[in-house]
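need a structure here:
(chains A, B, C and D)
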2 protein chains.
Amino acid sequence: MIRQLLLLGILMDGKMHGYRLNEYIKHTMDFYTDLKKSTAYYILEQMEKEGYVSCETEREGKRPERRVYEITKPGKAYFLELLRNCLAGYAPTSYGDDICVAFMDKVPPAEIHTLLEGKRRKIVARLETFKEHKRHEGGWKYVINHNIAHLKADLSWVDSMLKERGKES
Amino acid sequence: MIRQLLLLGILMDGKMHGYRLNEYIKHTMDFYTDLKKSTAYYILEQMEKEGYVSCETEREGKRPERRVYEITKPGKAYFLELLRNCLAGYAPTSYGDDICVAFMDKVPPAEIHTLLEGKRRKIVARLETFKEHKRHEGGWKYVINHNIAHLKADLSWVDSMLKERGKES
DNA sequence: AACCGAATAATCAATATAGACTAATTATAT
DNA sequence: ATATAATTAGTCTATATTGATTATTCGGTT
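You can find the predicted model right below:
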């Protein structure tokens, strides 16, 4: 669903062939989605069957054939429906961290502090990455802010656990 | 991976049959995971093949047969390995909201404010739910705090967008 | 006492996703 | 000049996930 939205959203700016679509996702959206190449092709095929995109094969020079996808009128309507639903909705996220923290006490208490410090470092590292993005990119402003907000929340959450649980080491 | 951790973590407190496992997840972990019943059975089967859990079928009274799962020694070791990795690691989350906000401008500008207000209400509602949980449950303290932190981050993020993008309505 | 809905317990077929693979072309380095 | 690496483009198989379905039993109701 969200993946359909993603692909249709890109195609809203004009037709594109599968390979370029995937390169685009990989280069400019890598931090915001985990959509893989083969899944993208699969969803495009499925959306072609449902009439949301049309597909023509073309070849340029002696390169292999490419499948050029274009969003259709029903596809545009469907995209807007998905988009409105997503903008007005809230899809509860489930975090792997929740599960492992729930079982935290099953690891020897002496280790906990060190382990959480490892997590902390990784959060800080990712936070730095996003702060750099902030300077470079323009359009994705809100998205970057969103991710930064969540990373900051994670950071102070880990810090609060370190404070409470870190005494015994 | 995180789902294996979840199932093994429950089994660390003693053997349990499939149905009860799933009821347990549904009743006490519903907010923190989206693991479905059939997926749980699948993962248990897979972990049985790998020797992390053993499985015996038993029947009580005239009820249908149940598969009782018990974690093995290799299973406990594997669980601790997963747990350490998860506690010390950070798995980047990708949010559906990021995608739809990235395409926000493809919806008529006049609608944006109303749509985002819808999202805001849903965030607030969920936040209330978690705040109630806070009183009832004891052990899952950090998990609840984590979710509350993220919901608050979402809330002030939506508010910042409402402030910037809501003028034109 | 017969019926209906909920609970118990799991299975199955269909769909979605990931990761490895193919196969040609162009760029790079020795 | 030629071996090697990277790029282009997409496919294929294996695995994970979901939603629907089955089939029995228990508890309450009229």
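
which residues sit in contact with residue A:94?
Contacts for residue A:94 (Cβ atoms under 8 Å, 6 or more residues apart in numbering or on different chains) come out as B:31-34. Quick note: C-beta positions are derived from backbone N, CA and C, even for glycine.

how does it look with 10 Å?
Shown in contact with residue A:94 (Cβ atoms under 10 Å, 6 or more residues apart in numbering or on different chains): B:2, B:29-35, B:93, B:147.

likewise residue A:164?
By Cβ under 10 Å, 6+ apart, the residues touching residue A:164 are B:141-142.

hmm, the top helix by length along chain A touching chain B?
If you go by DSSP state H, chain A has its longest helix at helix A:109-136. Yes: contact of helix A:109-136 with chain B (Cβ under 10 Å from any Cβ of the partner chain) involves A:111-112, A:114-126, A:129.

which one of the contacts of residue A:94 is nearest residue B:133?
Nearest to residue B:133 among the contacts of residue A:94, counting by Cβ to Cβ, is residue B:31 at 7.4 Å.

surely the closest one touches residue B:147?
Yes: if you go by Cβ atoms under 10 Å, residue B:31 and residue B:147 touch, sitting 7.1 Å apart.

what about residue A:52, how many residues close to it?
Residue A:52 sits with 25 neighbouring residues when counted by other Cβ atoms under 10 Å in any protein chain shown.

nearest to DNA strand D among the residues of helix A:109-136 next to chain B?
For the residues of helix A:109-136 next to chain B, the minimum distance to DNA strand D (Cβ to the nearest atom of the strand) is 21.0 Å, reached by residue A:129.

after whatever helix or strand residue A:47 lives in comes which helix or strand?
Element membership of residue A:47 [criterion: DSSP states H and E] is helix A:37-49. Going down the chain from helix A:37-49, the next helix or strand is strand A:53-58, by DSSP H and E.

is chain B contacted by that next one?
No: Strand A:53-58 stays clear of chain B (Cβ under 10 Å from any Cβ), getting no nearer than 15.9 Å.

near DNA strand C at all, that strand?
No: against DNA strand C, strand A:53-58 shows no contacts by Cβ under 7 Å from any atom of the strand, the least distance being 14.7 Å.

pLDDT below threshold where in chain A?
By pLDDT under 70, the weakly predicted segments of chain A are A:137-139, A:166-169.

point me to the residue of it nearest DNA strand C.
Counting by Cβ to the nearest atom of the strand, chain A gets nearest DNA strand C through residue A:38, at 2.7 Å.

do you know how far that residue is from residue A:149?
Residue A:38 sits 32 Å away from residue A:149, taking Cβ to Cβ, to the nearest Å as the criterion.

next: residue A:31.
Separation of residue A:31 from residue A:149 (Cβ to Cβ): 14 Å.

again with residue A:27
24 Å.

in terms of neighbours, single out the busier of the two.
Higher neighbour count among residue A:27 and residue A:149: residue A:149, with 19 against 8, using other Cβ under 10 Å.

what residues does the more buried one make contact with?
Contacts of residue A:149 by Cβ under 10 Å, 6+ apart are B:149-150, B:152-157, B:160.

for chain A, which residues are neighbours of DNA strand D?
Contacts of chain A with DNA strand D, taken as Cβ under 7 Å from any atom of the strand, map to A:17-20, A:23, A:37-38, A:41, A:57, A:60, A:63-67.

need the buried ones from those residues selected in PyMOL.
Entered in PyMOL, the line below selects the buried ones among the residues of chain A next to DNA strand D, by 16 or more other Cβ atoms under 10 Å in any protein chain shown:
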select buried, chain A and resi 17+18+41+66+67
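
chain B: which of the residues of chain A next to DNA strand D is nearest?
For those, the residue nearest chain B by Cβ to the nearest Cβ is residue A:37; the value is 15.9 Å.

and the residue nearest to that closest one when sequence neighbours are not counted, which of the three is it?
With Cβ to Cβ, 6 or more residues apart in numbering or on different chains as the criterion, residue A:37 has its nearest non-adjacent residue at 4.8 Å, and that residue is residue A:22. What DSSP: H, G, I helix; E, B strand; the rest coil gives for residue A:22 is helix.

quick one, what contacts residue A:22?
Taking Cβ under 10 Å, 6+ apart, one finds A:7, A:16, A:35-41 in contact with residue A:22.

just the residues you listed now: which is nearest DNA strand D?
For the contacts of residue A:22, the closest approach to DNA strand D (Cβ to the nearest atom of the strand) belongs to residue A:38, at 3.6 Å.

from residue A:133, how far off is the closest one?
27 Å.

so which of the contacts of residue A:149 sit within helices?
Counting by DSSP H, the contacts of residue A:149 place B:149-150, B:152-157, B:160 in helices.

emit the PyMOL select command for whichever of those residues are buried.
Buried members of the ones in helices among the contacts of residue A:149, defined by 16+ other Cβ under 10 Å, are picked up in PyMOL with:
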select buried, chain B and resi 149+150+153+154+155+157
